[in-house]
Structures are given as structure tokens and as C-alpha cells.
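K.L.:
Okay, sequence plus prediction incoming.
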Amino acid sequence: MRERHAADPEPGREHGFEIWPENLPAFEIFAAVVHQQRVVAGFGASTCQGIDAAALNAALDARQVPAAGRWELFTSVLDMGRVAAQVMNEHRNG
């Protein structure tokens with residue numbers, strides 16, 4: 001079963017990926033904090049390090065995520081952010 005994200009720009013059109021239902025909560029939080037990346041800049045280059053943990057905690061608080069399951073969700077989103085950072089850094093550094 002394909003879950004659709006609320007921000008899907010064109011419902012009914014395939015966008016090249018599926019989200020398994022068990023991953024949807026982590027994806028929704030990731031989508032909310034994806035712009036909260038830690039970036040280190042210096043000497044003419046910048047490196048993305050991943051999602052800022054404080055921003056992630058604030059997003060979890062804002063969504064009133066209960067303590068049960070919160071750590072798993074937190075680490076899943078950090079993992080997504082780490083992989084996204086790797087891709088951005090590879091793209092940036094050629």
C-alpha cells in the first residue's frame with residue numbers, strides 16, 4: 001500500500017518513491033525539519049552534518065509525540081538526516 005504525504009504536490013501522480021506505513025511518522029517529522037540541517041562552513045566550502053537535534057526535539061514536542069516510541073522516531077529521523085547530508089555533500093563536492 002502506498003502512503004501519500006500531505007505535502008504531495010500532485011495527488012495521483014507517481015513521484016518515484018513509496019513510503020511504507022510504518023515509516024510514515026518518521027518521514028512526516030523529517031519533512032518538517034529537513035531545513036534544520038547543521039552546516040559547517042569555512043575556507044570556501046561548507047559541509048552538511050545532518051538534522052539539528054534540538055530542532056528535531058522541538059518538532060517532536062510541537063507534535064506532542066508521546067514518550068513511548070519517541071526515541072525510535074528521534075533516531076530514525078536523525079538517520080534520515082545523516083543520509084540526506086551525505087547526498088547533499090556528495091552533490092556539493094562533485
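P.N.:
Nice, I can see it.

K.L.:
where do the strands sit along this structure?
P.N.:
Using DSSP state E, the strands assigned to the chain run over residues 37-42, 45-51.

K.L.:
what's the most buried one of the ones you listed?
P.N.:
Mean neighbour count (mean count of other C-beta atoms under 10 Å) peaks for strand 45-51 among the strands of the chain, with a mean of 17. The C-beta positions use only the backbone N, C-alpha and C, and glycine is treated the same way.

K.L.:
which residues are in contact with that strand?
P.N.:
Under the contact criterion C-beta atoms under 8 Å, 6 or more residues apart in numbering, strand 45-51 has outside partners 30, 33-34, 36-41, 77-78, 80-82, 84-85, 88-89, 92-93.

K.L.:
What score does Ile51 have for pLDDT?
P.N.:
With respect to pLDDT, Ile51 scores 94.

K.L.:
Hmm, I typed the wrong one, I wanted Val39.
P.N.:
Reading off the model, Val39 has pLDDT 88.

K.L.:
How much space separates Ala85 from Pro66?
P.N.:
Per C-beta to C-beta, to the nearest Å, Ala85 is found 28 Å from Pro66.

K.L.:
Against Phe43, how distant is the residue nearest the centre of the chain?
P.N.:
Taking C-alpha atoms, centre = their mean, the centroid of the chain lies closest to Phe30, which sits 2.7 Å from it. Applying C-beta to C-beta, the value for Phe30 to Phe43 is 30 Å.
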